[in-house]
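K.L.:
Quick one: sequence plus predicted model below, questions after.
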Amino acid sequence: MEKIISKSSLETQEIAKNIAQEIIANKRANVVLLEGELGGGKTTFSQGFLASLGVTQAVTSPTFVIMKSYAIPSSEYKVYHLDLYRLNQEWEVLDLGIMDIISNPNNIVLIEWASKTAKIWENLPHTKISFEVINSSERNININP
């Protein structure tokens, strides 16, 4: 496990950029589980992750639509960004077709509030990133590949 202290939103986005580039380069687990309290940095991380892959549109948390997808310019990759905050049952995620999405090696899946459906992910390859608020600008970020 790698532990990092981010001192700003920009640093959190830089950490996300590095992880995104590592996933693309090494074909690591294409599922990234993002955990932490409200305001912990999950969406900020997602913004940096997607921007580093060339996504230029505004990235917001898909809290109300549950899932958004982004084509990565000049590549075969697509990123699915999910926010499971409003879901309570695993079948709700499965009904989104998540297993088909995950089975495609050209898809990268960012999942905020993944612990709400933890049983789905426990036997799948994934990277888990936890965010803990230290103060208004600093975060503890724990990366468990």
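P.N.:
Alright, I've got the coordinates. On a predicted model such as this, the values are computed, not experimentally measured, just so you know.
K.L.:
Please report the distance of residue 130 from residue 43.
P.N.:
15 Å (CB to CB, to the nearest Å). Placement of C-beta: from N, CA and C, glycine included.
K.L.:
hmm, I was thinking of residue 117
P.N.:
18 Å.
K.L.:
can you check residue 4 too?
P.N.:
Going from residue 4 to residue 43 by CB to CB gives 18 Å.
K.L.:
Could you do residue 78 as well?
P.N.:
19 Å.
K.L.:
again with residue 49
P.N.:
Distance from residue 49 to residue 43, by CB to CB: 10 Å.
K.L.:
Have a look at those two and say which one is more surrounded.
P.N.:
residue 49 (29 against 20; other CB atoms under 10 Å).
K.L.:
Now do the contacts for that one.
P.N.:
By CB atoms under 8 Å, 6 or more residues apart in numbering, residue 49 lies in contact with 13, 16, 17, 19, 20, 32, 79, 110.
K.L.:
Give the rounded mean pLDDT of the helix or strand where it lies.
P.N.:
Assigned by DSSP states H and E, residue 49 belongs to helix 42-52. Per-region confidence: helix 42-52 scores 95 on mean pLDDT.
K.L.:
right, and the helix or strand after that helix?
P.N.:
strand 67-71.
K.L.:
Could you list the low-pLDDT ranges of the protein?
P.N.:
Scanning the chain for pLDDT under 70 picks out 27-29.
K.L.:
Now tell me what touches the helix or strand in which residue 20 is found from outside.
P.N.:
Per DSSP H and E: residue 20 is located in helix 9-26. For helix 9-26, contacts defined as CB under 8 Å, 6+ apart pick out 4, 6, 28-30, 32, 41, 44-53, 75, 77, 108, 127, 129, 137, 139, 141, 143.
K.L.:
Please apply the same query to stretch 52-60.
P.N.:
13, 16-17, 20-21, 24, 43, 46-47, 50-51, 70, 72-75, 77, 79, 81.
K.L.:
From the residues you listed, list just the buried residues.
P.N.:
Listed as buried from these are 13, 16-17, 20, 24, 43, 46-47, 50-51, 70, 72, 77, 79, 81; burial here means 16 or more other CB atoms under 10 Å.
K.L.:
related to what we said a few turns ago, of the contacts of helix 9-26, keep whichever come out buried.
P.N.:
With burial judged by 16+ other CB under 10 Å, the buried subset of those is 6, 28-30, 32, 41, 44-53, 77, 108, 127, 129, 139, 141, 143.
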